[in-house]
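[1] Okay, sequence plus prediction incoming.
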Amino acid sequence: MLTIRDRTQIRVKDAQFNIRIPGWVYRTAWPAGDPFVKGFHSHCSIFVHIPKAAGSSIAEALFGSSVGHRPIRRHLAYHPDIVSKYFKFTFVRNPWDRLYSAYQYFNRRIGSDTHRDHRWATVMLVGINSFEDFVLRLADPSLNYGSMIKRYDHFRDQVDWLEDPRTGDLCVDFIGRFEWLERDFEHVMDKLGIDASLPHRRRGTGKSYQEAYSPEMVDIVRSLYSRDIERFAYRFGD
């Protein structure tokens, strides 16, 4: 069961993506929400950690700790001058693969009460018998399920984390790809002047995401995540 605090935190996290909120209102609403970690200033960089795109491993390798899931919108609200100067980067992932990975992560935590993610999974995935059942429910027009799911960090469009609220442009200098992780991580290290090893903190099931999809499911996700697919030129099977 989600606690009152859980529900409040989820609403607050969802609200930070509202591009219509002026920066001063944003800072007032989140007075202790400065998203800059010490490592960002040490390397004059900003890493936007999109969930389920190897961000935990990347943050640990480059900054020695988590950097949190914080959209560029939040950085702009606090220090737009710094954002314009620092090297900004992120990593994205094929939407079909990312959705399957996120589902597997939450499905394994149903019934646990140790973290808000686990309690959310217990509430939102109740009665879901399989990944196919989950995807089909996302597309059911008689339910509000899809929009509720997509307001949670791990299922939100990846472009939401990166858009400049003033222009709609992606406000990052480099977009690495999960599919080319080692190569693109090398590029980031070169830019930051860092020599680091990339750990793998969380392992998946080992099953190819393509095996989990029927043609109908492929089309549902293509529609559901059309913004990411178009912006990052992804195809099923990439």
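    Yes, it's here.

[2] can you map out the helices along this structure?
    Taking DSSP state H, the helices of the chain run over residues 4-15, 23-29, 38-42, 55-63, 72-78, 80-85, 95-107, 116-124, 131-138, 145-150, 181-192, 215-224, 226-232.

[3] list the helices and strands the helix or strand of the chain with the lowest mean pLDDT packs on?
    In the chain, no helix or strand scores lower on mean pLDDT, DSSP states H and E than helix 23-29, which sits at a mean of 74. Counting by 3 or more CB pairs under 8 Å, 6 or more residues apart in numbering; DSSP states H and E, the packing neighbours recorded for helix 23-29 are helix 72-78. For every residue, glycine as well, the C-beta is placed using N, CA and C.

[4] Got the confidence number for Met1?
    Note for Met1: predicted pLDDT of 80.

[5] In this structure it contacts Thr122, no?
    Yes - with contact defined as CB atoms under 8 Å, Met1 reaches Thr122; the gap is 7.5 Å.

[6] Those two: who's more crowded?
    The neighbour count for Met1 versus Thr122, taken as other CB atoms under 10 Å, is higher for Thr122 (17 against 7).

[7] what sits against that one?
    By CB atoms under 8 Å, 6 or more residues apart in numbering, Thr122 lies in contact with Met1, Arg109, Ile110, Gly111, Ser112, Asp113.

[8] His154 now?
    So His154 contacts Pro51, Lys52, Ala102, Tyr105, Phe106, Asp117 (CB under 8 Å, 6+ apart).

[9] How about Asp169?
    So Asp169 contacts Glu163 (CB under 8 Å, 6+ apart).

[10] Please report how far it lies from Ile175.
    12 Å (CB to CB, to the nearest Å).

[11] and what of Glu60?
    When distance is defined by CB to CB, Glu60 is 20 Å away from Ile175.

[12] do Leu198 as well
    Distance from Leu198 to Ile175, by CB to CB: 17 Å.

[13] just the contacts of Thr122 now: which is nearest Phe185?
    When the contacts of Thr122 are ranked by distance to Phe185 (CB to CB), Arg109 comes first, at 27.5 Å.

[14] on that earlier part again, top of the contacts of Thr122 by neighbour count?
    Neighbour-wise, those (other CB under 10 Å) top out at Arg109, 17 neighbours.

[15] does that one really touch Asp117, like I thought?
    Yes - using CB under 8 Å, Arg109 is in contact with Asp117, at 6.4 Å.

[16] Would you tell me which strand is longest in the chain?
    In terms of residue count, the longest strand belonging to the chain (DSSP state E) is strand 87-92.
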